[in-house]
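> requesting a structural model of the entry that follows:
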Amino acid sequence: MKQVAKDLLEINAVTLSPNKPFTWASGIKSPIYCDNRLTISYPKIRKEIARGIANLIRDLFPEAQVIAGTATAGIPHAAWIAAELNLPMIYVRSKPKDHGQGRQIEGVVEKGQKTVLIDDLISTGGSVLKAVEAAQKEGADVIGVCGIFSYQLEAAKENFAAVNIPFATLTNYSELIEVAAEENQITAADRKLLHKWREDPKRWLR
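Presented below is the predicted three-dimensional model:
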């Protein structure tokens, strides 16, 4: 959805900086920084996101019975999407609690219930796939993952394919670059450099 890409740029949830790249925790140099947590502070945008992802689920995963949020960024969006679809919601902690019953899943999911996980951002898919695994251990039948934005990295495609879990996002890196160009936020040279990064992030500046 181009409108979502435009919204993310407008509120600085996504920042493009091809000439002064950011450094990710992994050490990778990146021309993009994404903080979709900012979206929760904008009612109109968060409603648009909830409706958009709810429609993705209706189209791609109509059999969904439970909506799950990944801690922490996916939780608020999962709540709004679950409300939009009138479905139960759970959330998945990054690790089990170290007290009480040691739960990693909060809420109720019955064995075999078809579940869609919600995250705000898909990079390589590593973190959300850990949440998928945790939900599966609790008996959930995870049928897919949905998010707001994807970097469209090849590693994500490979990681999701390896566990046979489909995923979809409202908008993505290519669409964001297209919108940024239309809004004159980047130059033609910037655009070329940004596309080059997605082709090979690790060797982008070499």
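
> alpha carbons only for contacts and neighbour counts from here, please
Fine.

> could you measure from residue 191 over to residue 81?
In this view, residue 191 and residue 81 are 33 Å apart by Cα to Cα, to the nearest Å.

> I misspoke; the intended subject was residue 87.
Distance, residue 87 to residue 81, by Cα to Cα: 8 Å.

> so residue 191 and residue 81 - more neighbours on which side?
Each of residue 191 and residue 81 has its neighbours counted (other Cα atoms under 10 Å); residue 81 has more, 27 against 17.

> ok so, going back, so what sits against both of residue 87 and residue 81?
Common neighbours of residue 87 and residue 81 are listed as residue 67 (criterion: Cα atoms under 8 Å, 6 or more residues apart in numbering).

> strands of this structure, start to end?
Using DSSP state E, the strands found in the chain span residues 14-16, 22-23, 29-30, 32-34, 66-70, 89-92, 105-106, 114-122, 141-150, 167-172.

> in JSON lines: these, plus distance to residue 4, mean neighbour count and mean pLDDT.
Converted to JSON lines, those look like this (distance: least, Cα to Cα, whole Å; neighbours: other Cα atoms under 10 Å; pLDDT from 0 to 100):
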{"stretch": "strand 14-16", "distance to residue 4": "11", "mean neighbour count": "19", "mean pLDDT": "94"}
{"stretch": "strand 22-23", "distance to residue 4": "23", "mean neighbour count": "15", "mean pLDDT": "90"}
{"stretch": "strand 29-30", "distance to residue 4": "21", "mean neighbour count": "20", "mean pLDDT": "88"}
{"stretch": "strand 32-34", "distance to residue 4": "13", "mean neighbour count": "18", "mean pLDDT": "94"}
{"stretch": "strand 66-70", "distance to residue 4": "20", "mean neighbour count": "28", "mean pLDDT": "97"}
{"stretch": "strand 89-92", "distance to residue 4": "24", "mean neighbour count": "24", "mean pLDDT": "97"}
{"stretch": "strand 105-106", "distance to residue 4": "29", "mean neighbour count": "18", "mean pLDDT": "94"}
{"stretch": "strand 114-122", "distance to residue 4": "13", "mean neighbour count": "25", "mean pLDDT": "97"}
{"stretch": "strand 141-150", "distance to residue 4": "8", "mean neighbour count": "24", "mean pLDDT": "98"}
{"stretch": "strand 167-172", "distance to residue 4": "7", "mean neighbour count": "21", "mean pLDDT": "97"}
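
> out of those, nearest to residue 179?
strand 167-172 (10.7 Å; Cα to Cα).

> switch the strands of the chain over to TSV; also include distance to residue 1.
TSV is the format used below for the strands of the chain (distance: least, Cα to Cα, whole Å):
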stretch	distance to residue 1
strand 14-16	15
strand 22-23	25
strand 29-30	23
strand 32-34	17
strand 66-70	21
strand 89-92	25
strand 105-106	31
strand 114-122	15
strand 141-150	10
strand 167-172	5
